[in-house]
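Trainee: Would you be able to build a 3D model of this:
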Amino acid sequence: MIEFQDIHKRFGEREILQGVSLRVPEGTVQFIIGASGAGKSVLVKQLVGLIRPDSGRILLDGEEITHLSERDFYPIRKKCAMVFQHATLFDSMSLLENVALPLRKHRNMNDAEAAGHAQGMLELVQMGEMAHRMPADVGDGLRKRVAIARALTLEPRVMIFDEPTTALDPMAASHVDALIRRLAEEQGVTSIVVSHDLRSIFSIADRVAMIYQGRIRVDGTTDAIRHSEDPVVQQFIQGQPEGPMEL
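Mentor: Residues are numbered from 1 along each chain as shown. Predicted coordinates:
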């Protein structure tokens, strides 16, 4: 269980989060949605200590992690892996070498062990046949799947995806969505997905929380979101240019 309790975060004069509280049940695919600049990424980065809240508490499995030192966040980051919007692969290394790197660095595997395990991770994301290609030789969607494979090498219990399908074509996005769903169903991985991709939201999410004006506007199942009577929620999910939302 992941819990954000009354999280506040300000950058300069602007208060981005104004008391966000959210529970993410274990093994679920939780989407966090909202307009650009609403604070979605700011919230999830606090789970792994990349941003620190001004006030509030963050709990992981009942243990408060809000004020851990940088060193004490190391094991949290192994347990909670983050996949950023851009795949951030090393261009000079093959796909296999990219995935093997954390195995050698953090699990003390030799080159052969790391390569064998990395190959298995690439096969898990349906990239095994492309293991020896370079990042520049594959498309954005395939690089994103390799980034997910690399994150999985440390066997995280939680995966955080920041805009995983942004700039991907519909087919590539569908492959990434299917992978996130499969990780939950087959591996029991809890996924927190920051996204505004409505197709993804209504195809793979278990729960959806919307941040609006610094607070959680709504949090519920996809069916509850779809049928919400809140005009702000409806404007957002229908992509209407006019309505009560203040941007």
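
Trainee: Buried residues, the helix or strand containing Ile16. List them.
Mentor: Using DSSP states H and E, the secondary-structure element containing Ile16 is strand 14-24. Using 16 or more other C-beta atoms under 10 Å as the test for burial, strand 14-24 gives 16-17, 20, 22, 24. All C-beta spots, glycine's among them, are computed from the backbone N, C-alpha and C.

Trainee: Out of those, flag the one nearest to Ala184.
Mentor: The shortest approach to Ala184 among the buried residues of strand 14-24 belongs to Val24, at 11.8 Å (C-beta to C-beta).

Trainee: Just to check, that closest one is in contact with Val193?
Mentor: No - contact criterion C-beta atoms under 8 Å: Val24 and Val193 do not qualify, at 10.7 Å.

Trainee: Can you tell me how far Ala112 is from Gln119?
Mentor: 11 Å (C-beta to C-beta, to the nearest Å).

Trainee: Tell me which of the two has more neighbours.
Mentor: Gln119 (18 against 9; other C-beta atoms under 10 Å).

Trainee: In which helix or strand does that one reside?
Mentor: helix 111-124.

Trainee: after that helix comes which helix or strand?
Mentor: Using DSSP H and E, the first helix or strand after helix 111-124 is helix 140-152.

Trainee: if I pick Met93, what's in contact with it?
Mentor: Contact analysis of Met93 by C-beta atoms under 8 Å, 6 or more residues apart in numbering lists 101, 134-135.

Trainee: Which of these ranks first by neighbour count?
Mentor: Of these, with other C-beta under 10 Å as the count, Pro135 tops at 19 neighbours.

Trainee: Read off the pLDDT value for that one.
Mentor: We have a pLDDT of 94 for Pro135.

Trainee: quick revisit: so which of the contacts of Met93 is the closest to Val158?
Mentor: Closest approach between the contacts of Met93 and Val158, by C-beta to C-beta: Leu101, at 20.8 Å.

Trainee: Closest to the mean position in the chain, which residue would that be?
Mentor: The centroid of the chain falls nearest to Phe161 when counting by C-alpha atoms, centre = their mean (1.7 Å).

Trainee: any idea which element that one lies in?
Mentor: strand 158-162.

Trainee: helices and strands around the helix or strand that that strand is followed by, which ones?
Mentor: Toward the C-terminus, strand 158-162 is succeeded by helix 170-187 as the next helix or strand (DSSP H and E). For helix 170-187, the elements it packs on are strand 29-33, helix 140-152, strand 158-162, strand 190-194, helix 198-204, judged by 3 or more C-beta pairs under 8 Å, 6 or more residues apart in numbering; DSSP states H and E.
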